[in-house]
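Peer 1: Next input, structure requested:
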Amino acid sequence: MATTRTATTLWKGALLNGWGTVSLDTSGVGAFEVSWASRAEDPGGKTSPEELIAAAHSSCFSMALSHGLAGAGTPPESLETSADVTFQPGEGITGIVLTVKGRVPGITAEQFQQAAETAKANCPVSKALAGTTINLMAELL
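Peer 2: Alright, predicted model coming up:
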């Protein structure tokens, strides 16, 4: 069964001096301020589209990796994934680095790396971001 999730942004003013609020409507967990300065300069307590993409990518990748490892008979004890999304004004998103550290009993570092590569290739968010270079660093703890 397909699901749809919704977020809404209300923007006021021009790009460089305006600001907005993005609300996570489906979950209702909150609304977050966004601005050009928070995107291209200092966050100043506000978020950006790239930070929201990083959150989506790190969580989706972790779910995909957990699922793949469990399906191979080696469920993880824990996975810690960060996503660094780089934004260059005038160019856009220029790259993403996924970094994962995992505790997975019963596998080698090579097997963990392969599982991570498979998760990166098959994670729905990775697929949605296919036009961007996505690098992966995986470490078995």
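
Peer 1: ok, for the residue most central in space within the chain, nearest residue in space, not its chain neighbours?
Peer 2: Against the mean C-alpha coordinate of the chain, by Cα atoms, centre = their mean, the closest residue is residue 57 at 2.2 Å. Closest residue in space to residue 57, ignoring its immediate chain neighbours: residue 83 at 4.2 Å, by Cβ to Cβ, 6 or more residues apart in numbering. Where C-beta positions appear, they are placed from N, C-alpha and C, glycine not excepted.

Peer 1: Contacts made by the helix or strand encompassing the one you found with the rest, please.
Peer 2: Taking DSSP states H and E as the criterion, the element that holds residue 83 is strand 78-88. For strand 78-88, contacts defined as Cβ atoms under 8 Å, 6 or more residues apart in numbering pick out 39-40, 48, 50-51, 53-55, 57-59, 61-62, 65-66, 93-103.

Peer 1: Pairing-wise in the sheet, spell out the partners of the residue nearest to residue 57.
Peer 2: On the basis of DSSP bridges, residue 83 is bridged to residue 98.

Peer 1: mind checking how far it is from residue 118?
Peer 2: Applying Cβ to Cβ, to the nearest Å, the value for residue 83 to residue 118 is 17 Å.

Peer 1: which residues sit in contact with the nearest residue to residue 133 once chain neighbours are set aside?
Peer 2: Leaving aside its chain neighbours, residue 133 sits nearest to residue 95 (4.7 Å; criterion: Cβ to Cβ, 6+ apart). Counting by Cβ under 8 Å, 6+ apart, residue 95 touches 85-86, 132-135.

Peer 1: Same list (the residues you listed) but as a markdown table, adding distance to residue 78 and pLDDT.
Peer 2: A markdown table is the format used below for the contacts of residue 95 (distance: Cβ to Cβ, whole Å; pLDDT from 0 to 100):
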| residue | distance to residue 78 | pLDDT |
| --- | --- | --- |
| 85 | 23 | 97 |
| 86 | 27 | 96 |
| 132 | 27 | 93 |
| 133 | 28 | 94 |
| 134 | 22 | 96 |
| 135 | 22 | 96 |
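
Peer 1: List just the nearest of those to residue 75.
Peer 2: Nearest to residue 75 out of these is residue 134 (Cβ to Cβ; 24.5 Å).
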